[in-house]
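[1] the following block contains a protein sequence and its predicted model.
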Amino acid sequence: MSISIPQELLSKIHAHSELAFPDEGAGFLFGTDNPARSVSAIYELPNAREDSARYNRYLITPQDYLKCELEAERLGLEVVGVFHSHPNSPNLASEYDRDWAQPFFSYIITSVYAAKAVESRCWRLSEDRTRFIEEPIV
């Protein structure tokens, strides 16, 4: 199990994460899952979390989720995951991430230190929701 994403899109995720710093940045991954998971577009979102919690949490509103679903459909793609940043933190999926994750989605997490994106890793929640499994980015 791996996820394919063009360098250009990964660079856009990094740029979005750097602009959001010192807060978390987030958005959706659009693509296909046949025969393997690949990302062909991203959908950047503002962090809707209250100001005091944006440094370590992000929030996607139901309205933003609906807009993204409609945009993916318009593009002939599906929502295959979420990306978000961890400001001044490792790109490991946290317990909080696990509590809110969906097993089907891929989660690209980018570490951002001093407003500079350092590295991204991808995770997928196990079906029983007990742990994340790293999904290599290719």
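    Received, thanks. Numbering: from 1, shown residues only.
[2] for the residue positioned nearest the centre of the chain, which non-adjacent residue is spatially closest?
    When CA atoms, centre = their mean is applied to the chain, the residue found nearest the centroid is F83 (1.0 Å). Take F83 and drop its neighbours on the chain: the residue closest to it by CB to CB, 6 or more residues apart in numbering is I108, 4.1 Å away. C-beta: built from backbone N, CA, C; applies to glycine.
[3] gap between I108 and S52?
    With distances taken as CB to CB, to the nearest Å, I108 is found 25 Å from S52.
[4] ok, those two, which is more surrounded?
    Comparing I108 with S52 by other CB atoms under 10 Å, the one with more neighbours is I108, at 26 against 7.
[5] secondary structure element holding that one?
    strand 106-113 (DSSP states H and E).
[6] the following helix or strand past that strand pairs with which strands?
    Per DSSP H and E, strand 106-113 leads on to strand 116-125 as the next helix or strand towards the C-terminus. Strand 116-125 pairs in its sheet with strand 106-113 (antiparallel), strand 132-134 (antiparallel), by DSSP bridges.
[7] in the last one, what's buried?
    The neighbour-count check on strand 132-134 (16 or more other CB atoms under 10 Å) flags F132 as buried.
[8] now that strand: average pLDDT?
    For strand 132-134, mean pLDDT is 95.
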